[in-house]
Structure formats: structure tokens, C-alpha cells
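Engineer: quick one, fold the following:
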Amino acid sequence: MKSYIQISTTTETKEEAQKIAQYLVKQKIDACVQITGPIESTYRWKGKVEKAVEWLCLIKTKEDLFNKAEASIKKLHSYETPEIIAVPIVKGSKEYLKWLDEETVNKI
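Structural biologist: Down below sits the predicted model:
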């Protein structure tokens, strides 16, 4: 049985989020990327508490494509250490998961 994941990453600009989304979907690494924002993030970076306005990408793909997605995000991302977090999709409609499978690379 195939496993599916949702990856999240945040970007500094909407344009950067759109660039990452376009690349991932065009390359069939991911079937869908939703972009939401602006969001406000508070985080610790190099010993200081920082605050930033960011854009959130929610990326749907197959678990075995995580490494390709991660490498692509790192290549296109402006952050020194971008957030790249994956969580399993434990349930989904049969039709949606079939679509997700068909719209991503079938051979690794």
C-alpha cells in the first residue's frame, strides 16, 4: 500500500511560495501545493527571538517522493534553514488519493 504525506514549508514572500509550488507540481514531485498567508511566525534564530510575516505552503505527495521534494525546496528556497516538515496522511478519500497518485511521478 502506498503512503502519502503533507509537507509544510514557509517562505518570506508569496512569489517565492508560488515559485516553489510551480516547480514541484510541474515536475510531478507533488500533486498539489496550497499557499496561504500572510501568517505571522515567532521563532528563535541564532539565540534571538524573531518575528516574521511568511507564506505557508501545504504540499501533498507520496512518501517515497519526500527526498525529491526536500531537495527541490532547498534548491529554490532563500532561507538558510527552511522549514521542511512532513506528516502522514492517515486517511483520505479513495478518489483523492488515486488522483494524488496519478499526478505524481509513478517511477522513482
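Engineer: hmm, who's touching the longest helix seen in the chain?
Structural biologist: Using DSSP state H, we find that the single longest helix of the chain is helix 14-26. Helix 14-26 has contacts (Cβ atoms under 8 Å, 6 or more residues apart in numbering) with 9, 11, 30-33, 35, 37-38, 55-57, 59, 61, 69, 72-73, 76-78. Heads up, the C-betas are built off the backbone N, CA and C, glycines and all.
Engineer: Ala21: how many residues sit nearby?
Structural biologist: For Ala21, the count of nearby residues is 21 (other Cβ atoms under 10 Å).
Engineer: measure it to Lys68 for me?
Structural biologist: Relative to Lys68, Ala21 is positioned 15 Å away (Cβ to Cβ, to the nearest Å).
Engineer: now Gly92: closest residue in space, sequence neighbours ignored.
Structural biologist: Excluding its sequence neighbours, the residue lying closest to Gly92 (Cβ to Cβ, 6 or more residues apart in numbering) is Tyr4, at 6.7 Å.
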